[in-house]
Structure formats: structure tokens, C-alpha cells
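# next comes the sequence, and after it the predicted model I'd like to discuss.
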Amino acid sequence: MEKLVVQLDFLEFLPTHTCDGDDSSPRIRLGNLASASLAIMAVNPFIPSCCSFSPWLAWNIPPMEIIPPGLPKEGVVESPVRAFQGRNDYGRIGYTGPCPPRGSTHRYTFKVWGLDTMLDLAPGANKADLVGAMRGHVLQYGETAALCTR
């Protein structure tokens, strides 16, 4: 599998991307692209009841070097980039930013897959649906992480 380079603009979340700010999705920079579409899953392994809590699912993103920040919290996003978003583990559509308990630090990992096709998966699908739809279509993979302290 070919490596996909994934970068955020920060190592520690800015308030604009957390529950203490605008709760808006961050800009994601990508390199070494060689795919027909992209899928993103944010994961917070620090939620006590779970090992892979996902606060953001997005797919059918055209291959681009920069996924812009602030995607609307809608199943089908038309601007600033076309994308489908799923129902995250909070039960919401779109990105839900970090909100660890005060006095703690959580690490969020942004996993990005480069796929050989756009997925036949309806907006609002859950994590298991996304993982199942990606089977047999993954060409590339990369991830990055950032910390959130409150």
C-alpha cells in the first residue's frame, strides 16, 4: 500500500476546532496523492467506554492537496469541497471537535484513505458502514494526530 502524507497545521488543537470555539473541522494537507477519492475518519482512543471513538467521518472527497477547514455539518457538502459525511459516534452528522474533561489531554488521530473509486455509501452512514464500503478499494493510507488539552 502506498503511503499518503497527512498533515494538520498544528500539533495542539486551536480553540476554533474544539468545543470551546467554533467546533469547525481543521484544514488537512495531503501529499503523494494517487487516488480517485479520499475518506477521513477522526479517532479519539481516550474515551473511557471505547477504544476507537470517531467524532468525524467523511468520504467521496475528490483527491486534493488541501481539504479546506470548516466543512458544514451536513450529510452532503457542496462547498468548500464536495464530500459526504457520516453520523459520528456522538450521533451527529459532520465534525465534532475535541472536548476532553477539564484538566485532561486527549489525542485525536486523523486517518485518511486514498481509494480507487467514489463509494456507493449514503450520507449519514456510520463507521462500520464506511469501513465495510472501503474494503477492497484502499490504495493509500496515512494519518496524523494532534493533542487537545482543556
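Great, that's in hand.
# at which residues are the helices of the chain located?
127-134 (DSSP state H).
# which of the residues in stretch 25-41 are buried?
Residues of stretch 25-41 classed as buried: 25, 26, 28, 30, 35, 37, 38, 39, 40, 41 (neighbour count, 16 or more other CB atoms under 10 Å). Heads up, the C-betas are built off the backbone N, CA and C, glycines and all.
# can you give me the end-to-end distance of that stretch?
Distance across stretch 25-41, first residue to last, is 12 Å (CA to CA, to the nearest Å).
# likewise for stretch 62-76?
Criterion CA to CA; first-to-last residue distance in stretch 62-76 is 13 Å.
# return the set of buried residues in that stretch.
Across stretch 62-76, burial judged by 16+ other CB under 10 Å covers 67, 69, 71, 72, 73, 75.
# looking at the residues you listed, which are in strands?
Residues of the buried residues of stretch 62-76 located in strands (DSSP state E): residue 67.
# tabulate the buried residues of stretch 62-76 in a markdown table, adding columns for distance to residue 98 and pLDDT.
Shown next, in a markdown table, are the buried residues of stretch 62-76 (distance: CB to CB, whole Å; pLDDT from 0 to 100):
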| residue | distance to residue 98 | pLDDT |
| --- | --- | --- |
| 67 | 18 | 98 |
| 69 | 15 | 97 |
| 71 | 16 | 98 |
| 72 | 19 | 98 |
| 73 | 16 | 97 |
| 75 | 22 | 98 |
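# from the buried residues of stretch 62-76, which single one is nearest residue 83?
Residue 83 has its nearest neighbour among the buried residues of stretch 62-76 in residue 71, at 6.4 Å by CB to CB.
# take the buried residues of stretch 25-41 and keep only those in strands.
In this view, the buried residues of stretch 25-41 that belong to strands under DSSP E are 28, 30, 37, 38, 39, 40, 41.
# how about those residues in CSV, adding pLDDT?
Putting those into CSV (pLDDT from 0 to 100) gives the following:
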residue, pLDDT
28, 98
30, 98
37, 98
38, 98
39, 98
40, 98
41, 97
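# in a markdown table, list the residues you listed along with distance to residue 102.
Formatted as a markdown table, these follow (distance: CB to CB, whole Å):
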| residue | distance to residue 102 |
| --- | --- |
| 28 | 27 |
| 30 | 33 |
| 37 | 39 |
| 38 | 34 |
| 39 | 33 |
| 40 | 28 |
| 41 | 26 |
